[in-house]
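below: sequence and its predicted model.
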Amino acid sequence: MGKQSWKPGNMLNPVPAVMVSVADEAHRPNIITVAWAGTICTNPPMVSISVRPSRYSYDIIEKTGEFVINLTTEKLARACDYCGVVSGRDVDKFAKTGLTPMPVEHVSAPAIAESPVNIACRVTESRALGSHTMFIAEVVGVTVDDEYLDENDRFHINDANLIMYSHGEYFALGKYLGKFGYSVQKKKKRKK
């Protein structure tokens, strides 16, 4: 098997494609698509997003210290892409995409009502890293769409048809392969 050695680059793929919603100090909402988002801590619950300082939402996040991460589904893929290529300086992205800004507890930034999961965040630290600034944030609230709750209030997020971003392209999540720990799980004996 042959391998090539390349210069350093961001080849960690796939990543979640999320829409981050914000509101400026005059309460005007905006949406920015972010592919560099992730969980960084369980207790307290914390996440990070990385944003270029040239992006319109960057200054809003810097000033307000708040944002909402909205998970994106196949139905939202076109809006997700649009919000990543058009600037909020020029366009009202909520109006243009038909998405609905929805108030959430704990932050002034709106959530996107059509998203199955909205993660309200408050920035605790920002780190200028070069081309991007990483905003480290505490999760201060989560809302979920009850469409994905069963009769026992168990949340089935994998039924939402979430999407991912890989090397410039969007993909639907694939088939089920196993649950956490399945590689060491003992096989159940059949009852006779």
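Perfect, I can see it now.

now do the buried residues in stretch 11-27.
By neighbour count with 16 or more other CB atoms under 10 Å, stretch 11-27 contains the buried residues 14-24. Every residue, glycine included, has its C-beta placed from N, CA and C.

show me where this protein has helices.
Taking DSSP state H to define them, one finds helices in the chain at 56-64, 77-85, 93-97.

export those helices as JSON lines, with columns for mean pLDDT and distance to Arg122.
Output for those, formatted as JSON lines (pLDDT from 0 to 100; distance: least, CB to CB, whole Å):
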{"stretch": "helix 56-64", "mean pLDDT": "97", "distance to Arg122": "9"}
{"stretch": "helix 77-85", "mean pLDDT": "97", "distance to Arg122": "22"}
{"stretch": "helix 93-97", "mean pLDDT": "98", "distance to Arg122": "22"}
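
select, out of these, the one closest to Ile136.
Nearest to Ile136, of all those, is helix 56-64, at 11.5 Å by CB to CB.

show me what the closest one is packed up against.
In terms of contacts (3 or more CB pairs under 8 Å, 6 or more residues apart in numbering; DSSP states H and E), helix 56-64 is packed against strand 18-23, strand 29-34, strand 46-51.

Ser5: which of the ones you listed is closest?
Across the helices and strands packed on helix 56-64, Ser5 has its closest neighbour in strand 46-51 (25.8 Å, CB to CB).

angle of the closest one against helix 56-64?
130 degrees (axes from the mean of the first three to the mean of the last three CA atoms, to 10 degrees).

please compute how far strand 46-51 lies from its chain's middle.
When distances are taken as CA atoms, centre = their mean, to the nearest Å, strand 46-51 is centred 9 Å away from the chain's centroid.

I am finished for the moment; much appreciated.
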